[in-house]
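# have a look; sequence and predicted model below, questions after that.
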Amino acid sequence: MKKHNFFAGPSILPQFTIDETIKGIQNFAGTGLSILEISHRSKEFVAVVEEAQQLFRDLLKIPEGYSVLFLGGGASTQFLMIPFNFLGKKAAYLNTGAWANKAIKEAKLFGEVVEVASSKDTTYNYIPKGYEIPADADYFHITTNNTIYGTEIREDMDVNIPLIADMSSDIFSRPVDISKYDMIYGGAQKNLAPSGVTFVIIKNDILGKVDRPIPTMMNYQTHIDKDSMFNTPPVLPIFSALQTLKWLKAQGGLEAIEKINIEKADWLYDEIERNKMFKATVADKADRSLMNICFVMNDGFEEFEKEFLELATSKGMMGLKGHRSVGGFRASTYNALPKESVKALVEAMQEFEKNH
Ligand SMILES: *Cc1c(COP(=O)(O)O)cnc(C)c1O
């Protein structure tokens, strides 16, 4: 049976990425060796890193003056590296969910943290608006896509201090005006690669502004100076990321991918609205994520949750169970998820409604 992969992360990758990764594991770049057993300093692998960086630059239209890094440690390590490198006295954070909270917790180890707004009171089912950002903060940190709750900030905001964004789960889902950000980072395992590599897009001139000594591995300058090769980078995940980037380019780039992402999300949200048995957890359409679509059983139908999950599973749909803090269902509709999978889910919802 055809499987439909709705997992939130690690999550679906293009078949092209998987096929090319298999080929690279068997015989990498004609070396007769596996990508698993070659030096990260071999010219063949250095070429992989350079091509991946160049595709980041081309696809996201990254302006001059930014570096693209591939690091280990996950987005969670960035939660501490950011304040380590940038928090002198005070930083501002927007609290839109569990990941934002974890970032805030780390920042508090380094200085004063101003939580400018929070949607915690309603399980983060909206994006706070109308808050003020302290002008004397060293940076403002946001999470553009809240993977667990299905909210997303899809506009690149104008702020008067350096803007840093966790884009773990929506990078490459739409064009981004990189010039509005001083740093963008994320774990690659949501929309780009298998787990193990963290991408960082960083403006070179925001570094060197704090006085504290920074351990070598925690210092962005180290990784910029050594072009992500200070120590052994996550070789295989970087290789896989390159394949996804090539695939993205072949799809027509981010404008084309965004169009498809909007079609897929609209299709599913429209069915959730239309179908009497379901309702979306995020009421404000402007705040709804294109990547993680969260919904629950509608009032009066709560008892059918398990039954619907069983029906979907029986039709090959995997990873639809919502995060334990939200309940219900979460359909992750990352770039690689084909329209047929959304169609299968919509049809299952319609069938379920007919039978009840
Ligand atoms: C998954 C996720 C993280 C955590 O990433 P790790 O690489 O596991 O540390 C952080 N932020 C967001 C928005 C995520 O979706």
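Yep, it's here.
# make it CA atoms for all contacts and neighbour counts henceforth
OK.
# longest helix in the protein, please.
helix 253-274 (DSSP state H).
# next SSE downstream of that one?
strand 278-280 (DSSP states H and E).
# how about the spatially most central residue of the chain: what's its closest non-neighbour residue?
For the chain, Ser169 is the residue whose C-alpha lies nearest the centre (Cα atoms, centre = their mean; 1.6 Å). Excluding the flanking residues, the one nearest Ser169 by Cα to Cα, 6 or more residues apart in numbering is Lys190, at 5.2 Å.
# mind listing the helices for this structure?
15-26, 43-60, 74-86, 98-107, 220-225, 235-250, 253-274, 305-314, 339-354.
# quick check: the gap between Lys339 and Ala312.
Taking Cα to Cα, to the nearest Å as the measure, Lys339 falls 16 Å from Ala312.
# what does the model give Tyr126 for pLDDT?
The score at Tyr126 is 98. That number is its pLDDT.
# bridged to the residue in the stretch 101-250 of the chain that the ligand sits nearest to, which residues?
Of all residues in the stretch 101-250 of the chain, the one sitting closest to the ligand is Gly187 (3.9 Å; Cα to the nearest ligand atom). Here Gly187 sits in beta bridges with Thr198, going by DSSP bridges.
# quick one: name the residues of the stretch 251-356 of the chain near the ligand.
Residues of the stretch 251-356 of the chain lying near the ligand by Cα under 6 Å from any ligand atom: none.
# in the stretch 251-356 of the chain, what residue lies closest to the ligand?
Asn292 (9.8 Å).
# which one is that residue nearest to, not counting chain neighbours?
Nearest to Asn292 is Ser332, by Cα to Cα, 6+ apart, at 4.3 Å.
# so the one you found touches Ala8, yeah?
Yes. The criterion here is Cα atoms under 8 Å, and Ser332 meets it with Ala8 at 5.4 Å.
# the two: which is more packed in?
Ser332 (30 against 26; other Cα atoms under 10 Å).
# tell me the contacts of the more buried one?
6-8, 291-293, 320 (Cα atoms under 8 Å, 6 or more residues apart in numbering).
# with Lys264 instead?
333, 339, 342.
# per-residue confidence at the closest residue to Ser179 other than its chain neighbours?
Nearest non-adjacent residue to Ser179, counting by Cα to Cα, 6+ apart: Pro63, 6.8 Å away. Note on Pro63: pLDDT of 98.
# one more: Lys209?
88.
# wouldn't it be in contact with Pro83 here?
No. Counting by Cα under 8 Å, Lys209 stays clear of Pro83, with 11.4 Å between them.
# of those two, who's got more company?
Applying other Cα under 10 Å to Lys209 and Pro83 shows that Pro83 carries more neighbours, namely 25 against 12.
# which residues touch the nearest residue in space to the more buried one that is not next to it in sequence?
Closest residue to Pro83 apart from its sequence neighbours, by Cα to Cα, 6+ apart: Ala107 at 5.3 Å. Ala107 makes contact with 79-80, 82-84, 87, 91, 113 under the criterion Cα under 8 Å, 6+ apart.
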